[in-house]
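Engineer: Quick one, what's the 3D model for this:
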Amino acid sequence: MNSEIIFATQLSTSIEDEYGFTLFAGWFKGADTKSPMPLDPDLIAAFDAMEAADGGNTDLRRALTIDEYQHDGAEVGRYFDQDWIELRLADVLLLYAEALNENGSSAENVLDVLDPIRARAGLNPLDPTVLNTQALVRQAIYDERRIELALEGQRWFDLVRTGTADAEMGQAINKNYYLFPIPNSEVLASGGVIKQNDGY
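Structural biologist: Model (predicted):
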């Protein structure tokens with residue numbers, strides 16, 4: 001726990017692994033796979049683009065996110081007693097910036113919200129005279145979320161929420177699968193009030 005974290009699930013190596021052969025943190029970061037390159041190359045390209053756009057400065061989040069040697073995620077599961085972050089301040093700030101932008105706030109006001117996140121990452125503030133339209137600011141926020149929240153379980157929901165899942169995946173995704181199934185126990189416990197999501 002730290003001042004950045006609003007809510008987290010605390011993990012512990014002292015808790016016996018129910019399956020005996022895998023750990024949540026391992027498969028989530030891409031380590032529990034036969035793939036020689038489990039980490040999406042698009043994430044590496046996103047870091048490259050972020051650094052290039054900032055004049056070649058190194059984004060300090062990169063080393064905490066990507067294990068360049070093992071080609072998987074470094075941030076999640078490097079230490080199995082590390083808490084799993086459900087919600088943290090940077091996520092709230094990014095959502096706030098997005099809400100401001102969608103409600104017509106000036107580029108300067110919106111981008112100011114991103115400054116503390118970027119400064120912590122060793123990057124410069126974004127220039128509102130360059131990112132001077134709602135669309136450009138929107139994309140800057142999306143790009144920042146991609147990097148800041150990498151490997152924290154936010155990406156799919158961001159793609160669905162922003163209507164960019166198909167474009168990002170490079171194929172049409174059945175919209176039934178934009179949502180997870182509701183546990184059958186909850187459907188049954190509701191006495192038929194809760195209906196299962198389509199496609200399940």
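Engineer: Other residues contacting stretch 190-200?
Structural biologist: 174, 176-177, 179-182, 184, 186-187 (C-beta atoms under 8 Å, 6 or more residues apart in numbering). In this view, the C-beta of every residue, glycine as well, is placed from N, C-alpha and C.
Engineer: All the strands of the chain, residue numbers only.
Structural biologist: Counting by DSSP state E, the chain has these strands, from start to end: 5-9, 66-67, 72-73, 84-88.
Engineer: Make CSV out of the ones you listed and add distance to Thr164.
Structural biologist: Shown next, in CSV, are the strands of the chain (distance: least, C-beta to C-beta, whole Å):
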stretch, distance to Thr164
strand 5-9, 26
strand 66-67, 22
strand 72-73, 22
strand 84-88, 22
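Engineer: what's the most buried one of those strands?
Structural biologist: strand 72-73 (a mean of 23; mean count of other C-beta atoms under 10 Å).
Engineer: so what's the closest residue to Ile5 other than its chain neighbours up against?
Structural biologist: Leaving out its chain neighbours, the residue that sits closest to Ile5 by C-beta to C-beta, 6 or more residues apart in numbering is Arg88, at 5.0 Å. Counting by C-beta under 8 Å, 6+ apart, Arg88 touches 4-6, 8.
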